[in-house]
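# just to be clear, the model below is a prediction. Sequence and coordinates:
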Amino acid sequence: MQRRILRSLRVVVAMVLALFMLVNITPVEPRAAIKEEEEASPYFSYTSNVSTSLGITSDDSALCQTSVYGYMDTATKITVTQTLQKKSGSSWVKVWSWTNTNYNWYYEYINYYFPLVAGTTYRVKSEIKVYSGTSYETIYSYSNECYYGG
């Protein structure tokens, strides 16, 4: 009788273990514990990729570049407004601004600015509008900060 109970118990334990292996139960990390850098980037309807960068050229000019890639079968027009900004205390102040439009699904927009002021930190703010017909979405993109020593 005891052997029969032990045998039945072994069969039940084996079945439970097999069930756990099939289901592959893994612990789930609570939402609050997920780090910010693990968050998914925002989803855009017409835009697949945007980047803005700032560099200082060998002739001491600011090289401002914005790259925008819409979805090829969706985006019909891209408008970019680049604003070169300088740091003033804890604020950013406009130095110069450019706006242009490209009737395509991608756009590489480059501008130069001269003269720069020695001892100043600069960045580029890009306001990007990606259109699909008459509808559009607005995206803001910021470059790295560049210190110009002179």
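Nice, thanks for sending it over. Numbers count the residues shown, from 1 in each chain.
# wait, is residue 93 part of a helix?
No. Assessed with DSSP: H, G, I helix; E, B strand; the rest coil, residue 93 is strand; it does not lie in a helix.
# who does it form a beta bridge with?
Beta-bridge pairing for residue 93 (DSSP bridges): residue 86.
# how deep is it tucked in, by neighbour count?
Residues within reach of residue 93, counting by other CB atoms under 10 Å, total 9. (Each C-beta comes from the backbone N, C-alpha and C, glycine too.)
# as a whole number, average confidence for stretch 98-109?
Mean pLDDT, computed over stretch 98-109, is 96.
# next one: stretch 123-133
97.
# before we move on, what about stretch 46-59?
Average pLDDT, stretch 46-59: 94.
# contacts for that stretch next, please.
With CB atoms under 8 Å, 6 or more residues apart in numbering as the test, stretch 46-59 has contacts from 62-71, 74-75, 82, 84, 112, 114, 116, 122-126, 128, 130-132, 135-137, 139, 141-146, 148.
# how about a cut-off of 7 Å?
Residues outside stretch 46-59 that contact it (CB atoms under 7 Å, 6 or more residues apart in numbering) are 62-71, 74-75, 122-124, 126, 128, 130, 132, 137, 139, 141-144, 146, 148.
# how about it as PDB, C-alpha atoms only?
In PDB, the C-alpha atoms belonging to stretch 46-59 read as follows (Å, rounded to 0.1, in the frame of the first residue of the first chain):
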ATOM      1  CA  TYR A  46       5.900  59.000 -40.500                       C
ATOM      2  CA  THR A  47       9.500  59.100 -39.200                       C
ATOM      3  CA  SER A  48      11.900  56.200 -38.700                       C
ATOM      4  CA  ASN A  49      15.100  58.000 -37.600                       C
ATOM      5  CA  VAL A  50      16.300  61.500 -36.600                       C
ATOM      6  CA  SER A  51      19.700  62.800 -35.400                       C
ATOM      7  CA  THR A  52      21.200  66.200 -34.800                       C
ATOM      8  CA  SER A  53      24.900  66.900 -34.300                       C
ATOM      9  CA  LEU A  54      27.200  69.900 -33.800                       C
ATOM     10  CA  GLY A  55      30.900  70.000 -34.600                       C
ATOM     11  CA  ILE A  56      33.600  72.700 -34.700                       C
ATOM     12  CA  THR A  57      35.500  72.800 -38.100                       C
ATOM     13  CA  SER A  58      39.200  73.500 -38.500                       C
ATOM     14  CA  ASP A  59      38.400  77.100 -39.600                       C
END
